[in-house]
Each structure stands twice: as C-alpha cells, then as structure tokens.
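Novice: one predicted model, sequence on top.
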Amino acid sequence: MLSIRSVSKSFGALRALKGVSFDVPKSRIHGIIGPNGSGKTTLFNCITGHLKPEEGAILYQGQEITGSSSHLIAGMGVRRTFQGGKLVSSLTVLENVMSGMSQFSIRDYGDVFFRLPFRSSRKEAEIEEAAREALALVGMEKDAERWAVDLVWAERQFVQIARTLVSRPDLVLLDEPNSGMGTQETELVEDVIRRIRDRGVTVVVISHDVKMLMGLSDWVTVLNFGETIAAGTPEEVQNDPKVLEAYLGAE
Ligand code: ADP
Ligand code: MG
C-alpha cells in the first residue's frame, strides 16, 4: 500500500529525516514512535505532499507520489489528521466531518471554501450518510448536531479521525491521535483504529505513547533524530537494545 524508500528531508542545516525506509502492506496498522522532534510529523508531511523530500521515493499502491501535490495525493485516497486536532469552530460536528469529502484541507482553505461546493451538490445526502457512518465508527453519532466549538479536547480528536474517513480512503495517517488523553480515552482510540483497519483501510499511526503503539501495531518503526533506529514487530522492537537505550529506557 505504501513504500517509503530512503527518504531524507532537511530544514536548513537540520536533517529532520535521514534515509528513512519502510513498507506498509494493505490493511495493516503501522506504528511510528520516537521522541519529540524525531521527524515523525515531517515524514507524514512528505507522504501527503505538504513537504517535498530531497532524497528518496514514496510509492502509494505501486505508483510514485514523491513530490506530488497534496490535492493529488488526497484525491488518490490518502487522508490524514493534523497534530492538535483543528476543527472549524463555526461548523457543526457533522459539517466538520462532511468537509473531509473535499480533498482540500481546512488548513489550506478555511471554512468558506468547502462549505459552498458540497452544500449545493446533489451528492450532499450521500456525503451526509457517509459522515454519519464515520461518526458512528468513532462513537459520536449522537453528537452530529453539536457545534465544534463546544467539544472537549478528546472529542475533537475523534471528530478529526471521523473526518479522514468520510471519503472512504485506502490509507489513513493519524498524527498523535491520543495526545492529551487519559488511559480510558486512549483505549477508545485504539478500538477506533482497529475498527478502521477491520474495514480494510491501511493505517499509519504516530505516537510517543509506546504502550499504545506496541499493543496496536502489526509493525513498528522507531525514529530518533530522523533516523530509523529499529523496525519490526512490537516484540522485536521492544527487545532491541538500541531502542531500550535510546528511547524506551528513558520512559
Ligand atoms: P516530531 O513530529 O517527531 O515531533 P517533527 O517532524 O515535527 O518531529 O520535527 C522534526 C524536526 O524538524 C524538529 O527539530 C523540528 O523543529 C524541525 N522542523 C519540523 N518542521 C519544520 C519546518 N517547517 N521548518 C523548520 N524546521 C522544522
Ligand atoms: Mg509531530
């Protein structure tokens, strides 16, 4: 589904990613862990076309997408969340989720842009149905008519996840989906991610929550200072001396 091949990305003198490689087969959960600043979000930005890597190649369903525009990549069935969970406060939960149908991100265009096209579209009912289904998957179907501004932090994160699903993507990238959440909410996030995978969607999850990722992922890549220091099944990675020393040992 996704193949990352020797991807490097620098910001001036800072080498944020150094030759990162991994493959994600279809319908798997791939975890990416690493301390703050290790390059996790930068990697997502390279995959989704928000940043262009200097070196390496990114293949999606066998097709090279390196350096393609974020619109094009989203249009091919790749959706993501952003760290921190921004929603449009002036829209309802349902409308926020429906806005995920557009391949343009809220970040890029603001609410006015996407409000018009789907409001006037004959497809609105279909999009609404898909949005309600996505909300049900994250356990928020009863919250559809609430205003986004009234949501608490954890609810925002779940709405962001629902927003990635409305267009029925093949690949979903989740950036710190349980950040700022307690144990119980984190367990709900885990359930949601498994349900997404069970629908045949491939999921790549970033987290600094080692415990969550180890329990959830089929395969884990560990980044440290932009480099892959370990990769394998959770069991393999957990017992890797390099990981214990550089990261897990410090937990
Ligand atoms: P993580 O998501 O693992 O916490 P990031 O990918 O956000 O890490 O950042 C990796 C490194 O690259 C950090 O040192 C960060 O400060 C730097 N960085 C990220 N984005 C930019 C940017 N747009 N411009 C300059 N430096 C950046
Ligand atoms: Mg990050």
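Specialist: Sure thing, it's come through. Ligands and ions are numbered 1, 2, ... in the order given.

Novice: and the next element down the chain from the helix or strand bottoming out on mean pLDDT in the chain?
Specialist: When the helices and strands of the chain are compared on mean pLDDT, DSSP states H and E, helix 106-119 comes out lowest with a mean of 47. From helix 106-119 onward toward the C-terminus, using DSSP states H and E, the following helix or strand is helix 124-137.

Novice: indicate the residue of the protein located nearest to ligand 2.
Specialist: Distances from the chain to ligand 2, computed as Cβ to the ion, single out residue 41 as the nearest residue at 3.2 Å. The C-beta positions use only the backbone N, C-alpha and C, and glycine is treated the same way.

Novice: for stretch 45-55, the distance to its chain's centre please.
Specialist: 15 Å (Cα atoms, centre = their mean, to the nearest Å).

Novice: pull up the distance across that stretch, start to finish.
Specialist: 14 Å (Cα to Cα, to the nearest Å).

Novice: other residues contacting it?
Specialist: For stretch 45-55, the external contacting residues (Cβ atoms under 8 Å, 6 or more residues apart in numbering) are 2, 4, 6-10, 17, 19, 42, 44, 58, 60, 65-74, 78, 80, 173, 204.

Novice: shouldn't residue 148 be in contact with residue 91?
Specialist: Yes - checked against Cβ atoms under 8 Å, the pair residue 148 and residue 91 is within contact range at 5.8 Å.

Novice: write the ChimeraX selection for whichever of the contacts of stretch 45-55 are buried.
Specialist: Selecting only the buried members of the contacts of stretch 45-55 in ChimeraX, with burial defined as 16 or more other Cβ atoms under 10 Å, works like this:
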select :2,4,7,8,9,17,42,44,58,60,65,66,68,70,73,74,78,80,173,204
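
Novice: and the helices in the protein?
Specialist: Taking DSSP state H as the criterion, the chain contains helices spanning 40-47, 70-75, 93-98, 106-119, 124-137, 153-165, 183-198, 210-216, 234-238, 241-246.

Novice: deepest-packed of these, please.
Specialist: helix 93-98 (a mean of 26; mean count of other Cβ atoms under 10 Å).

Novice: I'd like to know which elements it is packed against.
Specialist: Judged by 3 or more Cβ pairs under 8 Å, 6 or more residues apart in numbering; DSSP states H and E, the packing partners of helix 93-98 are helix 124-137, helix 153-165.

Novice: return the distance of the longest one from the chain's centre.
Specialist: So that's helix 124-137. In terms of Cα atoms, centre = their mean, the centre of helix 124-137 is found 19 Å from the chain centre.

Novice: next, the angle from that helix to helix 153-165.
Specialist: Taking axes from the mean of the first three to the mean of the last three Cα atoms, to 10 degrees, one finds that helix 124-137 is oriented at 130 degrees with respect to helix 153-165.

Novice: low pLDDT regions in this structure?
Specialist: For the chain, the stretches with pLDDT under 70 are 103-122, 247-251.

Novice: around ligand 2, which positions in it sit nearby?
Specialist: With the criterion set to Cβ under 5 Å from the ion, the chain comes near ligand 2 through 40-41.
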